[in-house]
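Enquirer: model the structure of this input:
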Amino acid sequence: MVRLEVTGPEPGEVLVVTEFDHPDRGPVRCSAAPLIAGWLRRRGLRVRSGPVRALRAASPCLPSALPSEGAVLFVATYLDGEGHAVGIGAAAEADSPGPAAAAFHAVRTCGSVMRARRVVLAATDPTCSGESAALAQALAALAAATGPVYMYGQLTRNRYVADDLRRRGAIFTGSLDEIPDGSVVVFPAHGVPLSVQAEAAARGMRSIDATCPLVAAAHETARSYADRGDTIAVIGRPGHAVLAGISGQAPESTRVISTAAEAAALEVEAPDRLSYLVQTGIPVEDADPVAAALRSRFPAVRGPYPDQFCYAASDRRGAIRRVAEASDVLIVAGAADCADARQAVETAVAAGARTQLVETAGDVRAEWLGRASTVGLTSGLGAAPQLTGDVLRVLSGLGPLSVARTTVHTEIVTA
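Expert: Below you'll find the predicted structure:
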């Protein structure tokens, strides 16, 4: 760590530098600036980020040896694989001893974790292919529309993506009553009940059905079960958006169960006329004990073939487990109030990983990285689109970084 005399910081603040000129190494980029800023803000300092202009070098690098006037910048740097200077730095007025000392300790603490690292990415985009395709159809509808375009239900679970759609003119609603006759309406990837589709058609709406093909297949299977007179047990999570569409194909014939105990207690009028479905969007393995309980209680129960299951959630969970097992620490990018992010944390913790949830790149802490040569990184459905990239940039500012992506993909091969 070295000290430079600079211009830039205001009295009473710490200026976290985003770039500066080093007298020996030239221009230095500071990708880890959010890490330094977060360290300082958590200690109650007034923080601003921006570039500084270095005047000359000064030594020794001790807070007790600060000049009596002007400003001082503490920095730590390294050269990346292409020979470019990268570093961290914080500056303060010399006659502001509190901020100046804090700047020194911030750079010393964060600089102590500088080292080469490998970052393993696990399912960094948690959006499944069905939801991605639905979003693409929604964007195409907005681009082609000459009037309002209505999004029925929860087209996306990411509020940042939803806000972007609103800026493009999308109107979100949970009721057809709020949509004028003849309007354009987009149905989400998780589908809608038959009654909604029928009403939209009767009112002359132009429906863009973005239902995921696997969800549509589940709808068709539910109707076929009902048509042959079966009661349908849907194994799923209460409150999940996809359940309404599946149950709505034959509501009078459908029962929703989520646990083995509920399966064991299920009562139906004709035990030999029972079929079951597994809700799309949940890990398939979560349904196994429930299906086993159904088969134990109703030996004649009929269910879908494995090639009809949705494996996206299982694959994502498997990827997180693999990375958690290989990582010294795993960072989950997402909001604390996001159920999906919390489930990702639970999966990683169960796999034995030290796991941290961050909502911004500034939430990453140096103390997590002190002994970590391999860092896992994944994201929740509610994460800001740029958050994963922001975290990677912060980590790249703390030493040379190699990134390897680990994914799990289930492929069904029929014999």
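
Enquirer: could I get the full set of helices for this structure?
Expert: Remark: helices assigned in the chain by DSSP state H are 33-41, 97-111, 129-144, 159-167, 194-202, 213-227, 241-247, 260-265, 284-297, 312-326, 339-350, 366-369, 387-396.

Enquirer: packing partners for the last one?
Expert: Helices and strands in packing contact with helix 387-396 are listed as helix 33-41, strand 117-122, strand 329-333, strand 374-379, strand 401-406; criterion 3 or more CB pairs under 8 Å, 6 or more residues apart in numbering; DSSP states H and E. For glycine as for every other residue, the C-beta is placed from the backbone atoms N, C-alpha and C.

Enquirer: equivalent analysis for the fifth one, please.
Expert: Identification of packing neighbours for helix 194-202 by 3+ CB pairs under 8 Å, 6+ apart yields strand 184-187, strand 206-209.

Enquirer: change it to 7 Å
Expert: Applying 3 or more CB pairs under 7 Å, 6 or more residues apart in numbering; DSSP states H and E, we find helix 194-202 packed against strand 206-209.

Enquirer: centre of the chain to the strand it packs on, how far?
Expert: Offset of strand 206-209 from its chain centre (CA atoms, centre = their mean, to the nearest Å): 29 Å.

Enquirer: related to what we said a few turns ago, so which of the helices and strands packed on helix 387-396 is the most packed in?
Expert: The highest mean neighbour count among those, using mean count of other CB atoms under 10 Å, belongs to strand 329-333: a mean of 27.

Enquirer: partners of it in the sheet?
Expert: Sheet pairing of strand 329-333 (DSSP bridges) gives strand 355-358 (parallel), strand 374-379 (parallel).

Enquirer: tell me which of the helices of the chain lies nearest to Thr254.
Expert: Nearest of these to Thr254, taken as CB to CB: helix 241-247 at 4.5 Å.

Enquirer: and the helices and strands packed on helix 387-396 as TSV, adding mean pLDDT?
Expert: Compiled in TSV, these are given as follows (pLDDT from 0 to 100):
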stretch	mean pLDDT
helix 33-41	96
strand 117-122	90
strand 329-333	96
strand 374-379	96
strand 401-406	92
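
Enquirer: so which of those gets nearest Gly147?
Expert: Between the helices and strands packed on helix 387-396, strand 374-379 lies closest to Gly147; by CB to CB that is 35.1 Å.

Enquirer: give me the contacts around that closest one.
Expert: With contacts defined as CB atoms under 7 Å, 6 or more residues apart in numbering, strand 374-379 is touched by 117-124, 126, 320, 323-324, 326-334, 344, 353, 387-388, 391, 395.

Enquirer: could you give the angle of it to helix 312-326?
Expert: Strand 374-379 and helix 312-326 are oriented at 160 degrees to each other (axes from the mean of the first three to the mean of the last three CA atoms, to 10 degrees).

Enquirer: mind listing what's buried in stretch 134-149?
Expert: 134-135, 137-139, 141-142, 149 (16 or more other CB atoms under 10 Å).

Enquirer: go on, stretch 211-227?
Expert: For stretch 211-227, burial by neighbour count (16+ other CB under 10 Å) applies to 211-212, 214-219, 221-222, 225-226.

Enquirer: thinking again about what came up before, any chance of the buried residues of stretch 134-149 in JSON lines with distance to Val72 as columns?
Expert: Shown next, in JSON lines, are these (distance: CB to CB, whole Å):
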{"residue": "Ala134", "distance to Val72": "54"}
{"residue": "Leu135", "distance to Val72": "49"}
{"residue": "Gln137", "distance to Val72": "56"}
{"residue": "Ala138", "distance to Val72": "53"}
{"residue": "Leu139", "distance to Val72": "50"}
{"residue": "Ala141", "distance to Val72": "57"}
{"residue": "Leu142", "distance to Val72": "52"}
{"residue": "Val149", "distance to Val72": "56"}
